[in-house]
Structures are given as C-alpha cells and as structure tokens.
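> Provided below for reference: sequence and predicted model.
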Amino acid sequence: MRSSDQKNQEPFHACRLQENIYSVTILPQNARKLIYSNQMAIALITGITGQDGHHLTRLLLAKNYEVHGLVTNERDIRYESFVSKYPKIKLHSGNLSDYESLVSAINVVKPNEIYNLGALTFVGASFNEPEHTANVTGLGTLRLLEAVRTSAVKHEIRFYQASSSEMYGLVQEIPQNEATPFHPRSPYAVAKTFSHFTAQNYREAYGMHVSSGILFNHEGEYRGYEFVTRKITSNVARIKLGKQSRFSLGDLEPKRDWGYAGDYVEAMWSMLQQDVPSDYVIATGQSHSVQEFLEATLECAGLKGEISDFVDIDQKLIRPSEVPLLIGDSSKAKRAFGWSPTIDFNGLVELMVKNDLQIESKI
Ligand code: NAP
C-alpha cells in the first residue's frame, strides 16, 4: 500500500489485490487530515450496549469525545446496565435493519467517527436464524454505509467496520493476515464477509474513509454469557463457590486466538486516526484450544481433578460446520500505529475468573 501527498496531486490509496495488481482510490482532500482537530470529536457507536461498546465508550470518554450510541431495545437488560454505568451518554433509538433510523441518527448526531459494532454476533445462533443474521450483520452494514454516503457530510465521517476472523473459517494459510483469502463457515461469517467487502467497495467507489478491523476473538468482563470463554469462567466460578457441580460444553478442540477486548478497542480507534483508510488484522498471534482455556480456568480457580469431573459434552452444542483453527498476524497494525496486545492468554483467563468470582459471590 502506498499513498501520495504531493502538491497539485490528488492523494490516492493503492490497495494490493494480487501481485502487481492494485485498486486505486482517489481520496477527497479532507480525507487526509483530522477534520475535527479544533473541536470536541463526536462518535456514533452502533452496538454500544455490547462488550466492545462498553470498552470503546470508556476509551472515547477518556479521550474527551462526545459519545452517542444507537440502541435497539430500551427494555433490554443490557441497555439498563449500560445506562446505569454511563448515564450521560446520548442514546438514540435505531436498528441496523431500519434504514430510516440510521439516516435520522446520522443527521441528528453529525458524527466525525462511526463505529459499526452492531450485529447478531453469536456464531452458533446464526445457524438457527440465517436470514435474520444476513439482514442485520450483513445488510445492516450496507444500510449504514449508504446512509453515510447519501448524507451531506459523507467525507467528514470516518467509518470503522467490525470485521471478524471468522471470515477466514477453513483457513487457507497460517497465520492469517490481511491478504489471506476468506472461507466462511457459518451464516454469521458469511454475513461478516459481505459487510467486509461492502466496506471495501464504499472506500474504493466513493473515496469514503472506511476501515475494517479483522478482529480475532477478544474477551473480557463484558463478554456475553453465551460465548464459550464466558460460559467457562462463569460456570467454573459458580462451581468454585459451591453453587453448582457441573456444566455442559460442545466441541473442546477448536483453537482460537484470544485477546483482551480493552486492547482491541484501542486498535479500532487508531485505525480511524490514520490518514489513509485500510484493513487491519488485530490478534495476539497465539492460539489455544477450548480445552486449554477450560484447563487454565480450572487451575486459576484452584479446582483440581479431570475435566470430566466438571464438564459434560453435549452433542447438541456441536455446530454443523466448525472453524478448527484461527491464529492472526497483526504486524501491519503494529507497523502502522504501534498496536500490540498488553494482556496474554493467562492474563485474560485470570482477569475473567476473578471478575466472575466477584460477580457470583454477590448474587
Ligand atoms: P456483542 O457484545 O454481542 O454486542 C453486539 C451489539 O449489537 C449489541 O449492543 C446489540 O444491541 C447490537 N445489535 C444487535 N442487533 C442489532 C440491530 N439489529 N441493530 C443495531 N444493533 C444491534 O458483540 P461484541 O463482542 O461487542 O462485538 C462487537 C462487534 O465486533 C460485532 O459486530 C462483532 O460481530 C464483531 N466482532 C467481535 C469479536 C469478538 O470476539 N468479540 C471478534 C470479531 C468481530 P442489542 O442487544 O440492543 O440488540
């Protein structure tokens, strides 16, 4: 990738598609500089009530942003918990499946940055509701980008798309980087791949400042309870406290590159501070199986014994098509903006176990 900044020349962004073949996007002049350098920056976050929404809100507030969020359901428990934590954040009713609500949110908020985190995110559930997943997780991105494109301020908005390592699916190379071909293995991953290419298309076709973070799994204290890491740490905490004796899991063999969500939202923000938009892999570069995560959690909680002493394998939890191994190479992000993870696998397990022991001991 290279860019030009010379006088009397349009800046351009050249993206390598294959060896010696580049797609070139002419960027509008204002895409090169921070348009909000003299004012308080305004961010609009879709999916603000989710895990990454929590971390990103905290980060942007610390950077003195005015933060707005799009929320789908004001009676939801996640909404209530978010509002109790951040009572001053301005929340706007809207839905990625409703184009008009997105246009309205953009017109009201007039954001400098949009972080599109909203999605139906649980891979397992996407097999049971593929059409809904395609509509929200796939078409929702198209609707939001189209709402930006047709707004009066399309070149004043920087857009972050939450792409996913699940797009690599049946991996074509190890480790995976920005040039690795995708082979999605679930309705969720197919929808994310559609969104990823749509984001790329809006960048190339309309010169919009759109960047995608291809984030590998990231976890932490706000992770949803349906995800395997949280399922493990919360159930192990309950066993440790004598509240239950066993729980069920599906396949223990898949390997994932697990990092800490707090580190990953730093990378999202950094991507939007780059003059030239691009795509970046964000990962730790280390991979561990579900079984290893479980063993590390049991050890951290001080529970001795075999896995079978605590866990039943439930065939119903095994997915129709699984992703056996993910491991990312985030050296491009390190070169571009110095990103690297601060919390490793054992640190992540410890953080999540301590957090769940604290929560469970209060219930
Ligand atoms: P999460 O905790 O599941 O949060 C998802 C958010 O999306 C929730 O706030 C949810 O709000 C919102 N949402 C759901 N349906 C929506 C709709 N129709 N319109 C608007 N918003 C909707 O997910 P996360 O872990 O924070 O992940 C953030 C983003 O990163 C997601 O796009 C995810 O796919 C992507 N990603 C995550 C990981 C990871 O390991 N965490 C890895 C790669 C990519 P409601 O509950 O109000 O509906």
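Now that the structure is in, tell me what you want to look at.
> For stretch 266-279, give the mean pLDDT please.
The average pLDDT for stretch 266-279 rounds to 98.
> Tell me the buried residues in that stretch?
For stretch 266-279, burial by neighbour count (16 or more other CB atoms under 10 Å) applies to 266, 267, 268, 269, 270, 271, 272, 276, 277, 278, 279. (Each C-beta comes from the backbone N, C-alpha and C, glycine too.)
> give the contact list for the fifth one.
Shown here is residue 270, whose contacts under the criterion CB atoms under 8 Å, 6 or more residues apart in numbering are 333, 336, 337, 339.
> Let's see that with 7 Å instead.
337, 339 (CB atoms under 7 Å, 6 or more residues apart in numbering).
> how far away is it from the ligand?
16 Å (CB to the nearest ligand atom, to the nearest Å).
> one step back: quick one: which of the buried residues of stretch 266-279 is nearest residue 205?
residue 277 (12.9 Å; CB to CB).
> Show me what residue 159 is bridged to.
residue 114, residue 210 (DSSP bridges).
> And the helices in the stretch 201-350 of the chain?
228-240, 261-272, 290-300, 331-337, 345-362 (DSSP state H, counting those that start in this stretch).
> how close does residue 276 get to residue 295?
43 Å (CB to CB, to the nearest Å).
> Need the nearest residue in space to the closest residue to the ligand within the chain, chain neighbours excluded.
Proximity of the chain to the ligand (CB to the nearest ligand atom) peaks at residue 50, 2.0 Å away. In space, and not counting its chain neighbours, residue 50 is closest to residue 117: 6.1 Å by CB to CB, 6 or more residues apart in numbering.
> That neighbour contacts residue 162, doesn't it?
Yes. Between residue 117 and residue 162 there is a contact at 5.0 Å, judged by CB atoms under 7 Å.
> So between these two, which is more surrounded?
residue 162 (26 against 23; other CB atoms under 10 Å).
> And the more buried one, its phi and psi?
phi -80, psi 80 (degrees, to the nearest 10).
> Pretty sure it sits against residue 118.
No. Between residue 162 and residue 118 there is no contact under CB under 7 Å: 8.3 Å.
> I'd like to know how far the residue nearest to residue 50 sits from residue 307.
34 Å.
> what do you get for residue 61?
For residue 61, the distance to residue 307 - CB to CB - is 41 Å.
> cool, and residue 247?
Relative to residue 307, residue 247 is positioned 11 Å away (CB to CB).
> again with residue 161
Residue 161 is 38 Å from residue 307, by CB to CB.
> Equivalent analysis for residue 223, please.
From residue 223 to residue 307 the distance is 21 Å (CB to CB).
> Looking at those two now, which is surrounded by more residues?
Between residue 223 and residue 307, residue 223 has the larger neighbour count (other CB under 10 Å), namely 22 against 13.
> Contact partners for that one?
51, 229, 230.
> cool, and residue 44?
By CB under 7 Å, 6+ apart, the neighbours of residue 44 are 68, 70, 105, 109, 111, 114.
> Among those, which are located in helices?
Of the positions in these, 105, 109 sit in helices, assigned by DSSP state H.
> interface residues of the stretch 1-150 of the chain facing the ligand?
With CB under 6 Å from any ligand atom as the criterion, the stretch 1-150 of the chain meets the ligand at residues 46-47, 49-53, 70-73, 76, 78-79, 95-97, 117-121, 136.
> cutoff 8 Å now
46-54, 70-73, 76, 78-79, 94-97, 116-122, 136-137, 140 (CB under 8 Å from any ligand atom).
> From those residues, keep the buried residues only.
Buried among those (16+ other CB under 10 Å): 46-54, 70-72, 78-79, 94-96, 116-122, 136-137, 140.
> returning to what we had before: ok, which pair from the buried residues of stretch 266-279 is furthest apart?
266 and 276 (19.2 Å).
> Quote the end-to-end distance of stretch 199-216.
Start-to-end span of stretch 199-216 (CA to CA, to the nearest Å) is 18 Å.
> May I see the buried residues of it?
Neighbour count says stretch 199-216 has 199-200, 202-204, 207-216 buried, by 16+ other CB under 10 Å.
> Over to stretch 289-307?
Quick answer for stretch 289-307 (16+ other CB under 10 Å): 289, 290, 291, 292, 293, 294, 295, 296, 297, 298, 300, 301.
> List just the nearest of those residues to residue 259.
Taking the buried residues of stretch 289-307 together and measuring to residue 259 by CB to CB, the closest member is residue 293, at 12.7 Å.
> what about residue 91, is that helix, strand or coil?
At residue 91 the chain is in strand, as set by DSSP: H, G, I helix; E, B strand; the rest coil.
> Quick check, central residue of this protein?
For the chain, residue 162 is the residue whose C-alpha lies nearest the centre (CA atoms, centre = their mean; 4.6 Å).
> contacting residues around that one?
116, 117, 119, 213, 215 are the contacts of residue 162 under CB under 7 Å, 6+ apart.
> try it again with 10 Å
46-47, 50, 52, 115-119, 121, 137, 141, 192, 195-196, 199, 212-215, 264, 268 (CB atoms under 10 Å, 6 or more residues apart in numbering).
> what does residue 284 give?
So residue 284 contacts 216-218, 257-260, 263-264, 327-328, 330, 340-341, 343-345, 348 (CB under 10 Å, 6+ apart).
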